[in-house]
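J.: Here is my input; please provide its structure:
(chains A and B)
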Amino acid sequence: QKEVEQNSGPLSVPEGAIASLNCTYSDRGSQSFFWYRQYSGKSPELIMSIYSNGDKEDGRFTAQLNKASQYVSLLIRDSQPSDSATYLCAVTTPGGSYIPTFGRGTSLIVHP
Amino acid sequence: GAGVSQSPRYKVAKRGQDVALRCDPISGHVSLFWYQQALGQGPEFLTYFQNEAQLDKSGLPSDRFFAERPEGSVSTLKIQRTQQEDSAVYLCASSLGRTGETQYFGPGTRLLVL
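T.: Residues are numbered from 1 along each chain as shown, chains lettered A, B, ... in the order given. The predicted structure is shown next:
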């Protein structure tokens, strides 16, 4: 059973702060890692993907992957109230159709 | 271009009623996925199509659930004899290639079974 674990939160940060969202996964063979943002009542939207160990930066977002620790994180710098949403971690394993396994998501609240 | 569309957006069904949910993927996308998302949970995989072939249906919770994509584009998820536990948001996603790596989600159908 492949598992992807996330703290459901909510994580509350002040505007302008760094938000740190964490995700662990159980399958050591996992190769692709994704962060989706989901606003309340809306569908998930892909914001970051990462495939190799280390950091990947895209604007205010940085994804960090540590395969040895089976850990992936998402940092959001200069958090804005518009970043308030649920952030879903998804992991795929090679073979078959790369069907992603999603975590339950972490609710982020950025307060002014 | 147009994204993934789903219809209806909302559906209220009486227990025991059959429902059909439709998904229009992005044109040209080979892979199509159905997910079920309960409140406060992440999407749970239901089934996967590559063109018209249903390659994985391991996530369908019971034989009351059936999905098809007969011409390799539009897909329909059918739920027979709906139960209250079927109440959830049903998400459809499509991706360009066969590996399903980057998925684009539709707005979902919110199903409420009374």
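
J.: Run through the residues of chain A sitting next to chain B.
T.: A:4, A:6, A:8, A:32, A:42-46, A:49, A:88, A:90, A:92, A:96-105 (CB under 8 Å from any CB of the partner chain). The C-beta positions use only the backbone N, C-alpha and C, and glycine is treated the same way.

J.: Would you mind measuring from the residue positioned nearest the centre of chain B to B:P43?
T.: The residue lying closest to the centre of chain B (CA atoms, centre = their mean) is B:W34, at 3.4 Å. Going from B:W34 to B:P43 by CB to CB, to the nearest Å gives 9 Å.

J.: just for chain B, where's the confidence low?
T.: Scanning chain B for pLDDT under 70 picks out B:1, B:99-100.

J.: Show me just the buried residues among the residues of chain A next to chain B.
T.: Neighbour counting with 16 or more other CB atoms under 10 Å in any protein chain shown marks A:4, A:6, A:32, A:43-44, A:46, A:49, A:88, A:90, A:92, A:97-105 as buried within those.

J.: Number of residues surrounding the nearest residue to B:E85 once chain neighbours are set aside?
T.: In space, and not counting its chain neighbours, B:E85 is closest to B:V113: 8.0 Å by CB to CB, 6 or more residues apart in numbering or on different chains. Burial of B:V113 is recorded as 19 neighbouring residues (other CB atoms under 10 Å in any protein chain shown).

J.: surely B:V113 meets B:A13?
T.: Yes. Using CB atoms under 8 Å, B:V113 is in contact with B:A13, at 5.1 Å.

J.: Contact residues of chain B facing chain A?
T.: Residues of chain B lying close to chain A by CB under 8 Å from any CB are B:31, B:33, B:35, B:40-45, B:48, B:50, B:55-56, B:91, B:98-108.

J.: try it again with 10 Å
T.: For chain B, the residues in contact with chain A (CB under 10 Å from any CB of the partner chain) are B:3-4, B:6, B:31, B:33, B:35, B:37-38, B:40-45, B:47-50, B:55-56, B:58-59, B:89, B:91-93, B:95, B:97-108, B:110.

J.: what's the first-to-last distance across stretch B:89-106?
T.: With CA to CA, to the nearest Å as the measure, stretch B:89-106 spans 11 Å from end to end.

J.: How far away from the center of its chain is it?
T.: Relative to its chain's centre, stretch B:89-106 lies at 10 Å (CA atoms, centre = their mean, to the nearest Å).

J.: Also stretch A:54-64?
T.: Taking CA atoms, centre = their mean, one finds stretch A:54-64 lying 11 Å from the centre of the chain it belongs to.

J.: Quick check: buried residues in that stretch?
T.: Under the neighbour-count criterion of 16+ other CB under 10 Å, stretch A:54-64 has A:F61, A:T62, A:A63, A:Q64 buried.

J.: Other residues contacting it?
T.: A:18-23, A:33-35, A:37, A:47-51, A:53, A:65-66, A:71-80, A:83, A:89 (CB atoms under 10 Å, 6 or more residues apart in numbering or on different chains).
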